[in-house]
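Peer 1: Predicted model and sequence follow; I will ask about them next.
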Number of protein chains: 4
Amino acid sequence: MVRAAVAGASGYAGGEILRLLLGHPEVEIGAVTAASSAGQPLGAIHPNLAPLADRTITDTTLETLAGHDVVFLALPHGHSASIAEQLPDDVVVIDCGADFRLTDEAAWAAFYDTPYAGSWAYGLPELAVGATGKQRDALRGTRRIAVPGCYPTATTLALAPGYAHHLLAEHDVVVVAASGTSGAGKSLKPHLLGSEVMGAMSPYGVGGVHRHTPEIEQNLSGIAGDDVRVSFTPTLAPMPRGILATCTAPTWDTFTPAEVREAWVDTYADEPFVHVLPEGQWPSTASVLGSNTVQLQVTLDERVGRVVAVAAVDNLTKGTAGAAVQCLNLALDLPETTGLPIAGVAP
Amino acid sequence: MVRAAVAGASGYAGGEILRLLLGHPEVEIGAVTAASSAGQPLGAIHPNLAPLADRTITDTTLETLAGHDVVFLALPHGHSASIAEQLPDDVVVIDCGADFRLTDEAAWAAFYDTPYAGSWAYGLPELAVGATGKQRDALRGTRRIAVPGCYPTATTLALAPGYAHHLLAEHDVVVVAASGTSGAGKSLKPHLLGSEVMGAMSPYGVGGVHRHTPEIEQNLSGIAGDDVRVSFTPTLAPMPRGILATCTAPTWDTFTPAEVREAWVDTYADEPFVHVLPEGQWPSTASVLGSNTVQLQVTLDERVGRVVAVAAVDNLTKGTAGAAVQCLNLALDLPETTGLPIAGVAP
Amino acid sequence: MVRAAVAGASGYAGGEILRLLLGHPEVEIGAVTAASSAGQPLGAIHPNLAPLADRTITDTTLETLAGHDVVFLALPHGHSASIAEQLPDDVVVIDCGADFRLTDEAAWAAFYDTPYAGSWAYGLPELAVGATGKQRDALRGTRRIAVPGCYPTATTLALAPGYAHHLLAEHDVVVVAASGTSGAGKSLKPHLLGSEVMGAMSPYGVGGVHRHTPEIEQNLSGIAGDDVRVSFTPTLAPMPRGILATCTAPTWDTFTPAEVREAWVDTYADEPFVHVLPEGQWPSTASVLGSNTVQLQVTLDERVGRVVAVAAVDNLTKGTAGAAVQCLNLALDLPETTGLPIAGVAP
Amino acid sequence: MVRAAVAGASGYAGGEILRLLLGHPEVEIGAVTAASSAGQPLGAIHPNLAPLADRTITDTTLETLAGHDVVFLALPHGHSASIAEQLPDDVVVIDCGADFRLTDEAAWAAFYDTPYAGSWAYGLPELAVGATGKQRDALRGTRRIAVPGCYPTATTLALAPGYAHHLLAEHDVVVVAASGTSGAGKSLKPHLLGSEVMGAMSPYGVGGVHRHTPEIEQNLSGIAGDDVRVSFTPTLAPMPRGILATCTAPTWDTFTPAEVREAWVDTYADEPFVHVLPEGQWPSTASVLGSNTVQLQVTLDERVGRVVAVAAVDNLTKGTAGAAVQCLNLALDLPETTGLPIAGVAP
């Protein structure tokens, strides 16, 4: 049994970490900290977390975080570094923010306004590394892990097989992704009001300015062994959770539909959380709600010489908190699926 | 480890039973049967149940159901009796349909068009029985259990403390409940299309004709020791899951708000799945999504001399499949909460 | 052609008034005023109002409101009186707030925290007055009109025929109404975020404390000629617009279903905006979206001796802005339906 | 005053035509015809069309369609030709189906399974023709008009300025569009049930097989003067109406953001229904609900050398029925905006 603290517990990511930890047999929930809501009962912030309703949220300080084996950071970007560097080296620190995801300082500087803090082990266990490896090998026993962004998780897993199997070109990659509104967090902005959101599909961060762009490119370039450039457009969809990433890239040569399909099936054959659906069945965000599962499908558009790969994830689960718990399992050498739901809550 | 079959697995209730059983440590999933979708892979019907995607749905017959320790029946009403009577006595049979809920043949005949089949132990463990008892005592070790209807679960638990503590009158009880569309099942009717449902609140079964009416009255009358009559109006709400039952009844004498509150708090103090919220916080269906939890709140409207009690449940979980698993736990003498989520998937 | 100003144009009610005025052949839109958003282009606040996108919102002052034939007030309660008393007597002033709705100062004091300002002609043209009259007679040519609240509109029209035709008792009236989130306005509160609202049915203002309660009672008591007391519970539903009011009251004697139905059909036979649906068809908020129409249905629950009447309206149209324009038409002696859509935007 | 018949009145497109015609000052609604629902009152099919509730739907035959000045066809593809060829030449026939949209028989044969019927004047008045012309010139006084598909309307208007102003390349054009569920019509399929749709983003017709693909390519190629090839992926979004088309294409040379913006602003400067939003404001489907308006925005992603243009339309209004009425206005030489709402119903 390990004892885990959650810093940033009042947000959606923090709440989802707590929900998952409630079902984790090897974790005991310790401090639950936040900034502005400190002093309130957790039940006033997350009424869904009934067993924790009477817990009091405390301030996020070194004192409140002390004495835990694991600390989850679910803070706005730029806040993790100062805390992380003061935590003992043997504490497992899992950062759900962006602070330690990028390995290239210039890429960081081009998209973020806080100082570059370096990079940690990248918490996407299913990421292809080299010809046959996976990123999970780099996560076992680690003590500092950067959980990927939600869009990069969906997009990278969707396109990775095409680069791992040398099918896709590096140019003219286009990703259009729809996200549920929880991806925008809990900030009180008029366009996030329910009255505005329902019935509304709308893009944001258009034109290559969304901060997940360099992370997607870093992942795909790493597999391709060459610079992949991505046109990435996120959209907000009228649902609380879920990401549907529609990803398309030109093939660099002529391939058959069977070659394409085989690359995807082969890459994820042994993955417990990544499901390449049977031919003809396409992913739906509704199918993965609340689960750590990625649904994938791929096809070849021979008319235009492009592969179209589509991924569905729950942005708060596999997209954030589920990935964090999966990484914890690897850090602690537990079975990777411990405490993580695979079946989505549907309909 | 017990082996469980699910008959009627292609419907929403059947799918939810399977989702919960996937997380149940003492149950192995056996036959998965249905009528019209027999022969299809389960993944084509319930794409959310990734670990069962390759299972083939078989016909619902005595042969396919044989060899199981537990059989869940999630069939249209009128279909359970013929199957149940042919299953061995030592098999635990849990019926999610209406067939065995009503103890009064006349009440059955007034609302249903199939022959009366008798009644089984009523699967609402939290139901008050006598001065201090609960219905769970009647469920331990039982082999035949009738799972309550979703509206009766919400409504009964909302009003029961008022009758158990002799606060409420038997007349002019009014219940207006909103249900997510999964409560209407998967039947292909135009008014259930997404295009029609979104943005739509609409009543149905108005005027005392909904089949859950006699079940609600049976439950409340049982506690009150006298005939309770209920005006019950269900409405369809633009959400996939959830029931919000707004229940109001006159007090028969003058009571204080504190007396009212104490009755509710007292009744459910030790219940793992029933949460009377702190004063001022009201239930929301969003908070209980996918969980076996009931959120409750109550107040006294002194202007008009009525108690208003509101319950939120997930119609498919505590309202159907979660209750079924909870009953299974009691039937098998397992801890009552085994395999059942208490925290809802929110936001 | 009259010239109309809209004060409080940045809110949902103000926006809806502007939308309707854009389609009104006899009205020219003049000043568009607000408080905190003054100086901004209207298109930044209401991107749906394309033809007015370049209009600049000005401050709400006597100067900006001067020189108009009509002034619509869509302000928070308590703000209308000070402005209204300084506007010339011959200007038509139509208040969408609560300030001038209640005729009983004690009722106002029990529910509101600002000084009582008196009452204006009540803007519900279809309200029964005496044996055969309607409230519209009191609105023709008037210069000061108080537009009803959205819940009172739906509830009053639903139950009025039962009191006008002496069918209903004054006690144990119960109303449970579901409202779209725009009814809660544009205030930036966490529970109104899209992430929280979707999938959520939740009550608020429970126990007789909602401010529309005395207005509903005033209307029904006026028709009944005696004090009607109402248990009123509003709920928030996952849709942007719409109210579904489920209203039930005991009959004071035994009546037949035909007598009940005839009362409702008869009351609204000549009303352009109130449609009593054919038997068996129930109202839906989706059917009246964006229109000034009220859908009604009624039935008698003979088991419990209660009438159940259900009304659907668009809270922003017939519930607020449409009623305001309808009142304007009466004030100006225009045909009552001028510029008002009867067909809802569906699906 | 002209008299119009609507064939296929029971579907969503037919219902929307009727809704718009109710507000059209120059049109009288005549026959309302359909196939399977013939004999029913229109109010049972489209309860939102209150003023037409008592109209009886008749069979779609030459007899029922005779005696009208205008016939709207809202039929499944393949059904329009046989009717159209038997209607008198001087009747205005406006086809909302696909039958007469494609000018290339081979393109038709590649995507449709019924015989090629030829092509009619293409009903997209805002389509650029040559250096300075618009398609509306080809529609004035015409008697046979093919209304564009909903996706082609949004996509073509989004990208047309880039081809009209020689900014965009013909290759690697990618369109990912989200549609409300009414775009899938009223067919009773399980995946269109409300329970399945809410919370669900899911693609369909992936890989270049959707029938709107050749229509999009025909439009863009016509402007470009060369073959444009498009990767088109439609997705279903959890909303009843609306299309958000995210369209991206490489520039063929280096341009400045100002050059790009100017092309879009310039193309639509005088269009009543196409609004290029102020810089930084992006389209939302919620803003155009029920209106004939197209919201557009464009940006240049200089990192990857691609233009991203996004359009929002209501698929049933500007995407179908509004375009049909706009075409009628042109056919009859009425002001083009007659009877068509520009302001959307929001929130």
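Peer 2: Right, received. Where do you want to start? Not measured: the values here are computed from a predicted model.

Peer 1: Helices along the stretch 101-250 of chain A, start to end?
Peer 2: A:105-111, A:150-164, A:194-197, A:213-224 (DSSP state H, counting those that start in this stretch).

Peer 1: residues contacting the closest residue to A:Pro272 other than its chain neighbours?
Peer 2: Using C-beta to C-beta, 6 or more residues apart in numbering or on different chains and skipping the chain neighbours, the partner closest in space to A:Pro272 is A:Thr337 (5.1 Å). Heads up, the C-betas are built off the backbone N, CA and C, glycines and all. A:Thr337 makes contact with A:Pro272, A:Phe273, A:Asn292, A:Gln326, A:Asn329, according to C-beta atoms under 8 Å, 6 or more residues apart in numbering or on different chains.

Peer 1: so which of the residues you listed comes closest to B:Arg19?
Peer 2: Distances from B:Arg19 to these, taken as C-beta to C-beta, are shortest for A:Asn292 (14.1 Å).

Peer 1: how close does the closest one sit to chain C?
Peer 2: From A:Asn292 across to chain C, the span is 20 Å (C-beta to the nearest C-beta, to the nearest Å).

Peer 1: Local confidence estimate at the nearest residue to that residue once chain neighbours are set aside?
Peer 2: With sequence-adjacent residues excluded and distances taken as C-beta to C-beta, 6+ apart, A:Asn292 is closest to A:Gly322, at 3.6 Å. Listed pLDDT for A:Gly322 reads 98.

Peer 1: What is the burial count for A:Gly322?
Peer 2: 28 (other C-beta atoms under 10 Å in any protein chain shown).

Peer 1: Quick check: it is in a strand.
Peer 2: No - assigned with DSSP: H, G, I helix; E, B strand; the rest coil, A:Gly322 falls outside any strand and is helix.

Peer 1: Isn't it up against A:Leu328?
Peer 2: No - using C-beta atoms under 8 Å, A:Gly322 makes no contact with A:Leu328, being 10.5 Å away.

Peer 1: Compute the number of surrounding residues for the residue of the stretch 201-347 of chain A found nearest chain C.
Peer 2: Nearest residue of the stretch 201-347 of chain A to chain C (C-beta to the nearest C-beta) works out as A:Pro240 at 4.7 Å. Counted by other C-beta under 10 Å, the residues lying close to A:Pro240 total 31.

Peer 1: any idea how far the residue of the stretch 1-150 of chain A found nearest chain C is from B:Glu26?
Peer 2: Distance from chain C to each residue of the stretch 1-150 of chain A (C-beta to the nearest C-beta) is smallest for A:Tyr12, at 6.9 Å. Relative to B:Glu26, A:Tyr12 is positioned 33 Å away (C-beta to C-beta, to the nearest Å).

Peer 1: okay, those two: which has more neighbours?
Peer 2: A:Tyr12 (28 against 15).

Peer 1: need the contact list for that one.
Peer 2: By C-beta under 8 Å, 6+ apart, the contact set of A:Tyr12 is A:Ser182, A:Gly185, A:Lys186, A:Leu316, B:Pro347, C:Ser195.

Peer 1: Ok, A:Tyr268 next?
Peer 2: Going by C-beta under 8 Å, 6+ apart, the list of residues near A:Tyr268 reads A:Glu126, A:Pro161, A:Val274, A:His275, A:Val276, A:Leu296.

Peer 1: which non-adjacent residue is nearest the second one?
Peer 2: Yep, that's A:Pro161 we're talking about. According to C-beta to C-beta, 6+ apart, the nearest residue to A:Pro161 is A:Thr267 (4.0 Å).

Peer 1: Now the phi/psi pair for the one you found, please.
Peer 2: When read as degrees, to the nearest 10, the backbone of A:Thr267 gives phi -60, psi -40.

Peer 1: from what I can see it touches A:Tyr163, true?
Peer 2: No - checked against C-beta under 8 Å, the pair A:Thr267 and A:Tyr163 is beyond contact range at 10.1 Å.

Peer 1: same question for stretch A:18-25, mean pLDDT?
Peer 2: 98.

Peer 1: So for it, what gets flagged as buried?
Peer 2: Of all the residues in stretch A:18-25, those buried under the rule 16 or more other C-beta atoms under 10 Å in any protein chain shown are A:Leu18, A:Arg19, A:Leu20, A:Leu21, A:Leu22, A:Gly23, A:His24.

Peer 1: who in the stretch 1-150 of chain A is up against chain C?
Peer 2: A:Tyr12 (C-beta under 8 Å from any C-beta of the partner chain).

Peer 1: Please identify which residue in the stretch 1-150 of chain A comes closest to chain B.
Peer 2: Counting by C-beta to the nearest C-beta, the stretch 1-150 of chain A gets nearest chain B through A:Asn48, at 3.7 Å.

Peer 1: Contacts only, for that residue.
Peer 2: A:Gly15, A:Arg19, B:Ala286, B:Ser287, B:Val288, B:Leu289, B:Ser291, B:Ala343, B:Gly344, B:Val345, B:Ala346.

Peer 1: likewise A:Ala7?
Peer 2: Per C-beta under 8 Å, 6+ apart, neighbours of A:Ala7: A:Gly14, A:Ala31, A:Thr33, A:Ala34, A:Thr60, A:Leu65, A:Val71, A:Phe72, A:Leu73, A:Ala74, A:Leu75, A:Ile83.

Peer 1: Burial check on A:Asp333, number of neighbours?
Peer 2: If we define neighbours as other C-beta under 10 Å, then A:Asp333 has 9 of them.

Peer 1: And for A:Asp89?
Peer 2: A:Asp89: 7 neighbours (other C-beta under 10 Å).

Peer 1: Hmm, it is touching A:Thr142, no?
Peer 2: No - between A:Asp89 and A:Thr142 there is no contact under C-beta under 8 Å: 11.5 Å.

Peer 1: what's the domain layout of chain A?
Peer 2: Domain ranges of chain A: A:2-148+A:317-331, A:151-313, per automatic domain parsing.

Peer 1: Of the ones you listed, give the one that comes closest to C:Gly199.
Peer 2: Nearest to C:Gly199, of the domains of chain A and by C-beta to C-beta, is domain A:151-313 at 6.3 Å.

Peer 1: End to end on that closest one, go ahead and measure it.
Peer 2: 9 Å (C-alpha to C-alpha, to the nearest Å).

Peer 1: next one: stretch A:164-172
Peer 2: Termini of stretch A:164-172 sit 18 Å apart (C-alpha to C-alpha).

Peer 1: starting at the chain centroid, how far to it?
Peer 2: 23 Å (C-alpha atoms, centre = their mean, to the nearest Å).

Peer 1: Can you tell me how far the residue of the stretch 1-150 of chain A closest to chain C is from A:Ala346?
Peer 2: 20 Å.

Peer 1: Name the nearest of the contacts of A:Tyr268 relative to chain D.
Peer 2: Nearest to chain D among the contacts of A:Tyr268, counting by C-beta to the nearest C-beta, is A:Leu296 at 11.7 Å.

Peer 1: Verify the contact between that closest one and A:Thr155 for me.
Peer 2: No - between A:Leu296 and A:Thr155 there is no contact under C-beta under 8 Å: 11.3 Å.

Peer 1: Comparing those two, which shows the higher neighbour count?
Peer 2: A:Thr155 (31 against 25).
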